[in-house]
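**Student:** Structure, please.
(chains A, B, C and D)
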There are 2 protein chains.
Amino acid sequence: MSPQRDGQSGPSVTGRVLGILSAFGPGAEALSLSGIARAAGLPLSTAHRLVGELAAWGALERGEDGRYRIGLRLWEVGALAPRSLGLRERAMPYLEDLYEATRQNVQLAVRDGHEVVYVERLAHPEAVRVFTRVGGRMPLHATGVGQVLLAFAHVSVQEEVLAGPLSALTPRTVTDPHALRRTLAAVRREGVAVCDGLVDLLSLSVAAPVRGEDDRVVAAMSVVVPSAGSDPRTIVPAVRATARGISRALGSPSARRRPSGVVTPLPSAAGADAPRTAERGA
Amino acid sequence: MSPQRDGQSGPSVTGRVLGILSAFGPGAEALSLSGIARAAGLPLSTAHRLVGELAAWGALERGEDGRYRIGLRLWEVGALAPRSLGLRERAMPYLEDLYEATRQNVQLAVRDGHEVVYVERLAHPEAVRVFTRVGGRMPLHATGVGQVLLAFAHVSVQEEVLAGPLSALTPRTVTDPHALRRTLAAVRREGVAVCDGLVDLLSLSVAAPVRGEDDRVVAAMSVVVPSAGSDPRTIVPAVRATARGISRALGSPSARRRPSGVVTPLPSAAGADAPRTAERGA
DNA sequence: AATCGAGCTTCCGGCCACCGGAAGGAGCGC
DNA sequence: GCGCTCCTTCCGGTGGCCGGAAGCTCGATT
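**Tutor:** Here you go, the predicted model:
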């Protein structure tokens, strides 16, 4: 099924072109021609020709240092991905509010296979450092949003992940299948995942599911705060409310009616601009 | 409307693949196979083969309705574009603050050829409607950010734009080359562009340049507010400060010291019309 | 139910665009 | 100067691509 994440995408021209794009990645934003050829497993002259065409179109750009980077035109096309732009556009106002209230890290992510892909992230420069970045990937079982996405994913996906090896990022990462199964059940029951020290011992994340038109979970969002001195209980309601707000904006039937009375203004910013997070019925 | 979305990118396979990607665009986020073939000018069977390869890799995704959309994987690669992610990551906190303060539309854009491309946009649902969207394009002369980017672009770019036809989006769009030239000079002098009713008669935008490491203008940002009842003078300082903040975050030397008193000691207003743009030597 | 049409998928022989080795140039450090 | 890496251009052989045609799956129409 997986056609090798390598550059070895096949002998077809299309495969080679995609192999060239695959050569770029986090930590490899700029590559020399020979670097691309090496990474994609292509002869230099072949790479030269293909890269030239890509650059002429705008998929790649050549910097003053002679190295190639991903071009604006490709970014533009990529921005049309429904799971990025469509989702993002509608979720932003809500993420905004939560970010403003917490001044920490707020993230939005979707599932792709057995990994979670971060689609949006608002980070305060002085907030806890998190390792994720927009466009980045992480294993499902090891992050807050990942656990949420896994918990609400099709059973077959869950089984596949539970069967596979569960890597540990910290000593606290859940690596035992049975424990993970229980965790997932709890997430489904609570409608929220609270993860302390899974990715990084210093940070804690609270994640909740975001539902789409047909009420399926299409994304997950989370807030990451420092482990020390944070009480999850003050954050959970805010995350729940935000996730619900986004779900409603996306047309989720179950988020239609406002949760009668329980809207919970955010504890942290209780004062002046209490979040209109749960307002607005489109 | 569509200036020949091309498709005729050449007889090479790479060109055809890029032609397929070009078939997607604002207003065409989802296409059937035959729709793609039509838009890209390819025989159905050829399109079928290429699209199949793209989908297998994740550049395209096939929805339940059988139509194709841009895939998450392509978005991921696109997100590596330095003019998107690198810029965005550092600019966000500042844009955030401005958004929070104004509760209107805040935008970040870069120049590509003779157009402006919007890289980020924070929009309050109740703010003035703006026509732009993330990943969207507009002519340089007709928007606030565009005027800023044009004013600080290489002279040759300015001349090309001034020579070409200047389309009008509203009766107030500047279409006279001489008037535009004066406007650009003013923008350089003031370090900010105030545009009322250029794109849309109901909205007004205030834009300012963002500088990079070598002090060249690499982007522009703006706030869009309703024309009626807004006093630009209250907004200009905030926009200037935000743009300066972003410039500093990007390592701009001229934004190093905090604005101790006067704004910019830049010799930008040296020669009346002569931009001190050292843009791209090669 | 039969017919039609639009859209999708598969197949395969012919041909031409792609491949990539090789040669030549540009820049840099020793 | 010499060796090194990286980039660019050229060109003949051939293997991958092309695309017409046939078959398939829907859903609408008669």
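
**Student:** Please count neighbours and contacts with C-alpha atoms only from this point.
**Tutor:** Noted.

**Student:** how about the helices in the stretch 101-250 of chain A?
**Tutor:** A:144-151, A:155-163, A:177-190, A:232-249 (DSSP state H, counting those that start in this stretch).

**Student:** Please identify the deepest-packed of the ones you listed.
**Tutor:** Across the helices of the stretch 101-250 of chain A, averaging neighbours per residue (mean count of other CA atoms under 10 Å in any protein chain shown) puts helix A:144-151 on top, at a mean of 29.

**Student:** State the mean pLDDT of stretch A:72-92.
**Tutor:** For stretch A:72-92, mean pLDDT rounds to 92.

**Student:** follow-up on the earlier one: could you dump the helices of the stretch 101-250 of chain A into TSV with mean pLDDT and distance to residue B:156 added?
**Tutor:** TSV is the format used below for the helices of the stretch 101-250 of chain A (pLDDT from 0 to 100; distance: least, CA to CA, whole Å):
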stretch	mean pLDDT	distance to residue B:156
helix A:144-151	96	49
helix A:155-163	94	56
helix A:177-190	95	59
helix A:232-249	92	46
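
**Student:** And those: which comes nearest DNA strand C?
**Tutor:** helix A:155-163 (23.5 Å; CA to the nearest atom of the strand).

**Student:** same for that closest one, what does it pack against?
**Tutor:** In this structure, helix A:155-163 makes packing contacts with helix A:144-151, helix A:177-190, judged by 3 or more CA pairs under 8 Å, 6 or more residues apart in numbering or on different chains; DSSP states H and E.

**Student:** need those in TSV with distance to DNA strand D, can you?
**Tutor:** Putting the helices and strands packed on helix A:155-163 into TSV (distance: least, CA to the nearest atom of the strand, whole Å) gives the following:
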stretch	distance to DNA strand D
helix A:144-151	30
helix A:177-190	34
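
**Student:** Any chance of those helices in a markdown table with distance to residue B:206 as columns?
**Tutor:** Below are the helices and strands packed on helix A:155-163 laid out as a markdown table (distance: least, CA to CA, whole Å):
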| stretch | distance to residue B:206 |
| --- | --- |
| helix A:144-151 | 38 |
| helix A:177-190 | 46 |
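
**Student:** Out of those helices, which is closest to residue B:125?
**Tutor:** helix A:144-151 (25.8 Å; CA to CA).

**Student:** what does chain A put close to DNA strand D?
**Tutor:** A:11-14, A:32-35, A:44-45, A:48-49, A:66-67 (CA under 7 Å from any atom of the strand).

**Student:** ok so, going back, output the helices and strands packed on helix A:155-163 in JSON lines; the columns should cover distance to chain B.
**Tutor:** Shown next, in JSON lines, are the helices and strands packed on helix A:155-163 (distance: least, CA to the nearest CA, whole Å):
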{"stretch": "helix A:144-151", "distance to chain B": "16"}
{"stretch": "helix A:177-190", "distance to chain B": "25"}
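
**Student:** can you tell which of the ones you listed is closest to residue A:108?
**Tutor:** Comparing the helices and strands packed on helix A:155-163 by CA to CA, helix A:144-151 comes nearest, at 8.0 Å.

**Student:** Outside of that closest one itself, list whatever touches it.
**Tutor:** With CA atoms under 8 Å, 6 or more residues apart in numbering or on different chains as the test, helix A:144-151 has contacts from A:108-111, A:115-116, A:138-141, A:157-158, A:184-185, A:187-188, A:192-195, A:205-209, A:217, A:219-222.

**Student:** chain center to that helix, what's the gap?
**Tutor:** Its chain's average C-alpha position is 11 Å from that of helix A:144-151, according to CA atoms, centre = their mean, to the nearest Å.

**Student:** quick check: angle from it to helix A:155-163?
**Tutor:** Put simply, helix A:144-151 runs at 120 degrees to helix A:155-163, going by axes from the mean of the first three to the mean of the last three CA atoms, to 10 degrees.

**Student:** Point me to the residue of the stretch 1-150 of chain A nearest DNA strand D.
**Tutor:** Counting by CA to the nearest atom of the strand, the stretch 1-150 of chain A gets nearest to DNA strand D through residue A:12 (2.8 Å).

**Student:** Return the subset of the contacts of helix A:144-151 lying in strands.
**Tutor:** Among the contacts of helix A:144-151, the members found in strands (DSSP state E) are A:108-111, A:115-116, A:138-139, A:193-195, A:205-209, A:217, A:219-222.

**Student:** Angles on the backbone of residue A:114, please.
**Tutor:** With angles defined as degrees, to the nearest 10, residue A:114 sits at phi -100, psi 20.

**Student:** domains for chain A, by residue range?
**Tutor:** Here the domain parsing of chain A from automatic domain parsing is A:13-78, A:82-278.

**Student:** Which one of the ones you listed has the poorest average confidence?
**Tutor:** It's domain A:82-278: among these, that one has the lowest mean pLDDT, namely a mean of 86.

**Student:** List the buried residues for stretch A:169-176?
**Tutor:** Buried residues in stretch A:169-176, counted by 16 or more other CA atoms under 10 Å in any protein chain shown: A:169, A:173, A:174, A:175.

**Student:** just to revisit the earlier point, list buried residues within the ones in strands among the contacts of helix A:144-151.
**Tutor:** A:108-111, A:115-116, A:138-139, A:193-195, A:205-209, A:217, A:219-222.

**Student:** Help me see whether stretch A:108-122 makes contact with chain B, please.
**Tutor:** Yes: interface with chain B: stretch A:108-122 contributes A:112, A:122 (CA under 8 Å from any CA of the partner chain).

**Student:** which residues touch that stretch?
**Tutor:** Counting by CA under 8 Å, 6+ apart, A:83-84, A:88, A:95-96, A:99, A:104-107, A:132-140, A:145-146, A:149, A:157, A:161, A:218-222, B:72, B:92-93 sit against stretch A:108-122.

**Student:** Please apply the same query to stretch A:77-97.
**Tutor:** A:106-107, A:110, A:119-120, A:122, A:242, A:245-246, A:249-250, A:275-277, B:21-22, B:24-26, B:29, B:69-72, B:74-79, B:96, B:122-125, B:134-135.

**Student:** Try it again at 7 Å.
**Tutor:** With contacts defined as CA atoms under 7 Å, 6 or more residues apart in numbering or on different chains, stretch A:77-97 is touched by A:106, A:119, A:242, A:245-246, A:249, A:275, A:277, B:25, B:29, B:69-72, B:74-75, B:78, B:124, B:135.

**Student:** Alright, that wraps it up for me.
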